[in-house]
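A.B. asks: Could you work out the structure for the sequence below:
(chains A, B, C and D)
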2 protein chains.
Amino acid sequence: MLEADRHKLILEALKEQNTIKIQDLIKLTNASESTIRRDLTQLEKGKFLKRVHGGAARLQGKLVEPTMDEKSSINTQTKRQIAQFASNLIEEGDCIYLDAGSTIFQMIDQLPSNIVVVTNGLMHMNHLLERNIETYLIGGFVKPTTKALIGRGAMESLEQYRFDKSFIGVNGIHPQFGYTTPDPEEAMIKNLAISLSREAYVLADDSKFLETAFAKISDIGAATILTNKLNTDTEEHFQNHTNIKVVTS
Amino acid sequence: MLEADRHKLILEALKEQNTIKIQDLIKLTNASESTIRRDLTQLEKGKFLKRVHGGAARLQGKLVEPTMDEKSSINTQTKRQIAQFASNLIEEGDCIYLDAGSTIFQMIDQLPSNIVVVTNGLMHMNHLLERNIETYLIGGFVKPTTKALIGRGAMESLEQYRFDKSFIGVNGIHPQFGYTTPDPEEAMIKNLAISLSREAYVLADDSKFLETAFAKISDIGAATILTNKLNTDTEEHFQNHTNIKVVTS
DNA sequence: AATGTTTTTGAATGATTTTGATTGACATTA
DNA sequence: TAATGTCAATCAAAATCATTCAAAAACATT
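C.D. replies: Have a look, this model is predicted:
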């Protein structure tokens, strides 16, 4: 049985039961106790469940229903590292914008507490509120797939705010075509958020470089890129175009 | 049985019974007396209940607004009836506003599908999206206790819309003092929503009549009241002031 | 294929937490 | 007063935990 399969089984079991014992999971997956333990710690890190003594419990914010590719939690490790680095840029008292998306989501754990957050990510709300962080949500149409707020209402809501720092997720980074993302509506929001910030940061793992998606957000000079690693040849493409900070684990 | 499960059982038992004996909890959970005792002290520390001699009692601080969870478990039966009735008023193609709050929450199950919903209730989102209903969220500050959107941002977001019907929850209905609710910020939102609708409905069970809370929403003439029953003497107070529809189960 | 490297897995260890039983103190009631 | 029941504190057994280590599997490279 593959790791991904076990994770899937565990999460499905939790959907029905609210809590589950480790012993039950051992029987369910035919894996050893150690393996289950490892799975649980991993899933907890990715915020898919909460570990409790004797097993695991579903975390009640059901707004967070991750899509399959995120479930594999293979990339969560690097995402966490980048998110960690990004969070360290934030100072107490800052007023920041958090874009929707799973990479940004990983930042929430590590945010300082005395800040004000504005976001368009519905899935972020649960964790933000748990952390007792003062949070503003922009309005707009709720995109069913990603639970992001988009549209005219979102733009007008967002206009009301100004930020010290904004943290944006993207799907493609290209020296010529700039930052890109699949949904034009979301691209507009991201663009506006960047322009409303004193400092803007794009969080992206190395797989996003030299990729392009459908909708352009802005030129790459508009934000500082935070990433995990950088091939020397791709690095050349971005020289003198923008700031890039590489997270060293 | 995991600790989390026991805690949940205990709290659920308390929601129905107001108080419960330790012996009953022992039978309910198949745990030892010591364990139950430990659970109770723990839950008391977390302010979920109050320990009394021989067992535990539900705490109902009148100062604190009950959280969404608690609210929704009380009187669900009558709430559902009223919500059902309200939902039947909605026609396909309508554009409606749903107020935050547990009574309104009950409507979501029964809504027709070809409608557009605008809401300030974060808690409603899950169900609305599950039902594949086109949903807009207004922006604003997220009130931690009730997960409602309030404040200036919320007002400005709301301004952008117009509704065929709006459905509002209130805490008090009084012929002289009008509709009232504890939070002035929420009162403003409710008021604005009413004035943006062709038809406005207030959903309230009979316990709300002749009650008043801190902040006034509007005079009672501004909306039609949907309720479960009506004493003849209280009925007189409202005669000629507004429309009241009594749900007959 | 053969090799070396990395990742995954299961078992073992000792530390930690949870649990149920026991004790004596205290209050209430008969 | 005696009997009963509840309570907090203590203790040892049981369960669960994190950590370590080596075997097994998967992988990449030659």
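A.B. asks: Which segments of chain A make up each domain?
C.D. replies: Per automatic domain parsing, the structural domains of chain A span A:3-58, A:68-246.
A.B. asks: any idea which of those domains is most buried?
C.D. replies: domain A:68-246 (a mean of 19; mean count of other CB atoms under 10 Å in any protein chain shown). No exception for glycine: its C-beta is placed from N, CA and C like everyone else's.
A.B. asks: That domain close to chain B?
C.D. replies: Yes: with CB under 8 Å from any CB of the partner chain as the criterion, chain B is reached by domain A:68-246 at A:122, A:125, A:128-129, A:132, A:134-142, A:144, A:147, A:149, A:151-154, A:156-157, A:160.
A.B. asks: Just the ones of the residues you listed in helices?
C.D. replies: A:125, A:128-129, A:152-154, A:156-157 (DSSP state H).
A.B. asks: Flag every residue of chain A that's near DNA strand D.
C.D. replies: For chain A, the contact set with DNA strand D under CB under 7 Å from any atom of the strand comprises A:21-23, A:34, A:37, A:41, A:51-55.
A.B. asks: pLDDT on stretch A:55-67, on average?
C.D. replies: In this model, stretch A:55-67 has a mean pLDDT of 70.
A.B. asks: which element is the residue of chain A positioned farthest from its centre on?
C.D. replies: The outermost residue of chain A, judged against the average C-alpha position, is A:K27 (33.0 Å), by CA atoms, centre = their mean. Using DSSP states H and E, the element containing A:K27 is helix A:22-29.
A.B. asks: which helices and strands does that helix pack with?
C.D. replies: Packed against helix A:22-29 by the contact rule (3 or more CB pairs under 8 Å, 6 or more residues apart in numbering or on different chains; DSSP states H and E) you find helix A:3-17, helix A:33-45, strand A:55-57.
A.B. asks: Dump these into TSV; add distance to DNA strand C as well.
C.D. replies: Formatted as TSV, these follow (distance: least, CB to the nearest atom of the strand, whole Å):
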stretch	distance to DNA strand C
helix A:3-17	5
helix A:33-45	3
strand A:55-57	11
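A.B. asks: just to revisit the earlier point, out of the domains of chain A, the one nearest B:Q239 is which?
C.D. replies: Ranking the domains of chain A by proximity to B:Q239 (CB to CB) places domain A:68-246 first, at 39.6 Å.
A.B. asks: got a list of what A:T29 touches?
C.D. replies: Residues in contact with A:T29 (CB atoms under 8 Å, 6 or more residues apart in numbering or on different chains) are A:1, A:5-6, A:9-10, A:35-36.
A.B. asks: circling back: and the domains of chain A, which one averages the lowest pLDDT?
C.D. replies: Minimum mean pLDDT among those: domain A:68-246, a mean of 89.
A.B. asks: what's the offset of that domain from the middle of its chain?
C.D. replies: Domain A:68-246 has its C-alpha centroid displaced from the chain centroid by 8 Å (CA atoms, centre = their mean, to the nearest Å).
A.B. asks: Verify the contact between A:L59 and A:K47 for me.
C.D. replies: Yes: using CB atoms under 8 Å, A:L59 is in contact with A:K47, at 7.1 Å.
A.B. asks: circling back: what about the helices and strands packed on helix A:22-29, which gets the closest to A:Y179?
C.D. replies: For those, distance to A:Y179 was read as CB to CB. The smallest value, 27.4 Å, belongs to helix A:33-45.
A.B. asks: Next secondary structure after that closest one?
C.D. replies: Heading C-terminal from helix A:33-45 (DSSP H and E), you reach strand A:50-52.
A.B. asks: near DNA strand C, which residues of chain A show up?
C.D. replies: So far as CB under 7 Å from any atom of the strand goes, chain A lies against DNA strand C at A:1-3, A:30-35, A:38, A:53-54.
A.B. asks: Tell me which two in these are the farthest apart.
C.D. replies: Distance extremes for these: the farthest pair is A:L2 and A:H53 at 27.6 Å, using CB to CB.
A.B. asks: about what we covered before: just the closest of the contacts of A:T29 to B:F209, please.
C.D. replies: Among those, and counting by CB to CB, the member closest to B:F209 is A:I10, at 49.6 Å.
A.B. asks: Which residues lie in contact with the closest one in this structure?
C.D. replies: So A:I10 contacts A:20, A:25, A:28-29, A:39-40, A:43, A:49, A:56 (CB under 8 Å, 6+ apart).
A.B. asks: quick revisit: same for chain B: which of the residues of chain A next to DNA strand C are within range?
C.D. replies: Answer for these near chain B (CB under 8 Å from any CB): A:53-54.
A.B. asks: Could you check how far the residue lying closest to A:F85 once chain neighbours are set aside is from A:I82?
C.D. replies: Of all residues beyond its chain neighbours, the one nearest A:F85 is A:V247 (4.4 Å), with distances taken as CB to CB, 6 or more residues apart in numbering or on different chains. Relative to A:I82, A:V247 is positioned 5 Å away (CB to CB, to the nearest Å).
A.B. asks: Need the residues touching each of these two.
C.D. replies: Common contacts of A:V247 and A:I82 (CB under 8 Å, 6+ apart): A:226-228.
A.B. asks: so which of those residues would you say is closest to DNA strand C?
C.D. replies: Nearest to DNA strand C out of the shared contacts of A:V247 and A:I82 is A:N228 (CB to the nearest atom of the strand; 14.0 Å).
A.B. asks: do you know how far that closest one is from A:Y201?
C.D. replies: A:N228 sits 14 Å away from A:Y201, going by CB to CB.
A.B. asks: now do A:T29
C.D. replies: A:T29 is 39 Å from A:Y201, by CB to CB.
A.B. asks: follow-up on the earlier one: tell me the one of the residues of chain A next to DNA strand C nearest chain B?
C.D. replies: Nearest to chain B among the residues of chain A next to DNA strand C is A:G54, at 5.1 Å by CB to the nearest CB.
A.B. asks: who's in contact with that closest one?
C.D. replies: A:21-22, B:2-3.
A.B. asks: could you redo the last one with a cut-off of 10 Å?
C.D. replies: A:19-23, B:1-5 (CB atoms under 10 Å, 6 or more residues apart in numbering or on different chains).
A.B. asks: what does A:K165 give?
C.D. replies: Taking CB under 10 Å, 6+ apart as the criterion, A:K165 is in contact with A:86, A:89-91, A:94-98, A:115, A:197-201, A:224.
A.B. asks: For it, identify the helix or strand it belongs to.
C.D. replies: strand A:163-169.
A.B. asks: Only C-alpha atoms, please: export that strand in PDB.
C.D. replies: Backbone C-alpha positions of strand A:163-169 (Å, rounded to 0.1, in the frame of the first residue of the first chain) are rendered in PDB as follows:
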ATOM      1  CA  PHE A 163      -1.100  46.900   3.100                       C
ATOM      2  CA  ASP A 164       2.400  46.800   4.500                       C
ATOM      3  CA  LYS A 165       3.000  43.500   2.900                       C
ATOM      4  CA  SER A 166       1.100  41.200   0.600                       C
ATOM      5  CA  PHE A 167       1.800  37.500   0.000                       C
ATOM      6  CA  ILE A 168       0.600  36.100  -3.300                       C
ATOM      7  CA  GLY A 169       0.500  32.600  -4.800                       C
END
